[in-house]
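1. Got a predicted model here, sequence first, then my questions.
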Amino acid sequence: MGNRFASGKKAIAECDRCGQQFKLKTLKTEIIKQRKYELLVCPECWDPDQPQLMLGTFPVDDPQALRNPRKDTTYVTSGVNSAGNLSGGSRDIQWGWNPVGGASFSNDDSTPNYLVIRTYIGTVTIS
């Protein structure tokens, strides 16, 4: 038993979008949201299926919490810094803004304050 349709080697067809003539074999089926439509379009008019239209189609699991977390032990194991003070490891925060450091002026001893402010005043002579 033979094929039910002719091979269409030399068949001419119109693009359903732009209306120009092309060989039937060069036209592609339009797919929207993973569904084939009866539109045959030329390679210039053909758009791949847009992934944003498939939101909600596939399950997405994006967990934020860690299983079996461990505490940060680098505060003790990091050693001494160049000033001879105990380094804070990953929590070694040296910041300052009105007043510089800030931790020594409050009851918060968790953030060490090794900041020292130095200022210089000079003169500029314009000749």
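-> Structure's in. What do you need?
2. For stretch 20-39, which outside residues touch it?
-> Applying Cβ atoms under 8 Å, 6 or more residues apart in numbering, the contact partners of stretch 20-39 are 8-17, 40-43, 46-50, 53-54, 57. Quick note: C-beta positions are derived from backbone N, CA and C, even for glycine.
3. what do you get if the cut-off is 6 Å, keeping everything else the same?
-> By Cβ atoms under 6 Å, 6 or more residues apart in numbering, the residues outside stretch 20-39 that reach it are 8, 11-14, 16, 40-42, 46, 49, 53.
4. Just these: which are in strands?
-> 12-14, 40-41 (DSSP state E).
5. which among those end up buried?
-> Among these, those classed as buried by 16 or more other Cβ atoms under 10 Å are 40-41.
6. I'd like the ones in strands among the contacts of stretch 20-39 as JSON lines, with pLDDT and distance to T26 appended.
-> Below are these laid out as JSON lines (pLDDT from 0 to 100; distance: Cβ to Cβ, whole Å):
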{"residue": "I12", "pLDDT": "93", "distance to T26": "10"}
{"residue": "A13", "pLDDT": "93", "distance to T26": "9"}
{"residue": "E14", "pLDDT": "95", "distance to T26": "12"}
{"residue": "L40", "pLDDT": "94", "distance to T26": "10"}
{"residue": "V41", "pLDDT": "95", "distance to T26": "10"}
